Every structure is written in structure tokens, then in C-alpha cells.
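Visitor: Okay, sequence plus prediction incoming.
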Amino acid sequence: MRTMEPGTSGGLRGRLDSLVLAGRKTATTCLPAEYVEEAEGLESVGERMALLDDDGHAIAVLEITGVEQKPFVEVTWEHAAAEGEGDASLEEWRTVHRGFWRSGGAPVEDGTPVVCLTFRVVKTS
């Protein structure tokens, strides 16, 4: 079973994991380069993944319910809101995500491809 480790280790991953377990976070957005780094293909609808905490322990099983690849500028407010991170608008979501990726050395422009995943929790550990 493949794994999902949202955000970066430390406070961010713990916060995002908590949002997933509370049912507030049902989506995430990734850069295709992350798949290249991990030598993996895109997820598929129906695939199950282990949600990991900072220590690498599985804390839940997620089922992928949607996979879309599109330019960053085409991410919808519905998807951004489903990320459950408290952004008040699509523009705020874009600013936060651009900052996150830029800080990791991956600047994102409007045309940069992203992968939009939706999921549901099917089991907690």
C-alpha cells in the first residue's frame, strides 16, 4: 500500500493529519515532480493509501475518490476549500500554496501542472 504524508514533517503534517482525521480535509494538491522524485505514478480512483504521521506510523487508510491533473490556475475553489486548511478565498489558497512550494525550491506559475486528489477516510488506526 502506498502512503500519503501531507505537508512537511513537524507541525504542518500533524495539523494536516488532524484535519484529515476530523473529516475537514478531503483533498490535497501535489506537483508532478513529487511523483518523479518518488518514482511513482499518479494515484487511481479506488486506490487505498496509508496516511502516515511524523514517525512513519499509519494512522488511517484513505481511499482515493478523484484524480485530476491540470494547470495551477485551473484549480477550483471547491477543490481548494476541500483541502480544509481554512483559506478564505481561492486567491488566498493560491498564495499559500505558491509560498509553500517556493520555499521547497519549486516556484509555481499559473500554467504549472498540479495533481488534485480527493479522498475519504475508510479506517483509522
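Guide: Arrived safely, thanks for sending. This structure is a prediction, so every number in the text was calculated from the model and none was measured.

Visitor: Longest strand in this structure, by number of residues?
Guide: The longest strand of the chain (DSSP state E) is strand 58-71.

Visitor: Helix or strand next in line after the worst-scoring helix or strand of the chain on mean pLDDT, which one?
Guide: Least confident helix or strand, the chain: helix 32-37 with a mean of 86, by mean pLDDT, DSSP states H and E. Next helix or strand after helix 32-37 toward the C-terminus (DSSP states H and E): strand 48-52.

Visitor: Packing partners of that following strand?
Guide: Packing contacts for strand 48-52, counted by 3 or more Cβ pairs under 8 Å, 6 or more residues apart in numbering; DSSP states H and E, involve strand 2-4, strand 58-71, strand 113-124. Any C-beta I mention is one placed from the backbone N, CA and C, and that applies to glycine too.

Visitor: Compute the inter-axis angle for the last one and strand 58-71.
Guide: Yep, that's strand 113-124 we're talking about. Counting by axes from the mean of the first three to the mean of the last three Cα atoms, to 10 degrees, strand 113-124 lies at 160 degrees to strand 58-71.

Visitor: Just the angle for strand 113-124 relative to strand 48-52, thanks.
Guide: Orientation check (the same axes, to 10 degrees): strand 113-124 against strand 48-52 gives 80 degrees.

Visitor: From the contact counts, what lies against strand 113-124?
Guide: helix 11-21, strand 27-30, helix 32-37, strand 48-52, strand 58-71, helix 77-82.

Visitor: what sits up against the fifth one?
Guide: So the one you mean is strand 58-71. The contact list for strand 58-71 (Cβ atoms under 8 Å, 6 or more residues apart in numbering) reads 1, 3-4, 17, 20-21, 26, 32, 42-53, 110-125.

Visitor: filter those to the buried ones?
Guide: 4, 17, 20, 26, 43, 47, 49-52, 112, 114-119, 121 (16 or more other Cβ atoms under 10 Å).
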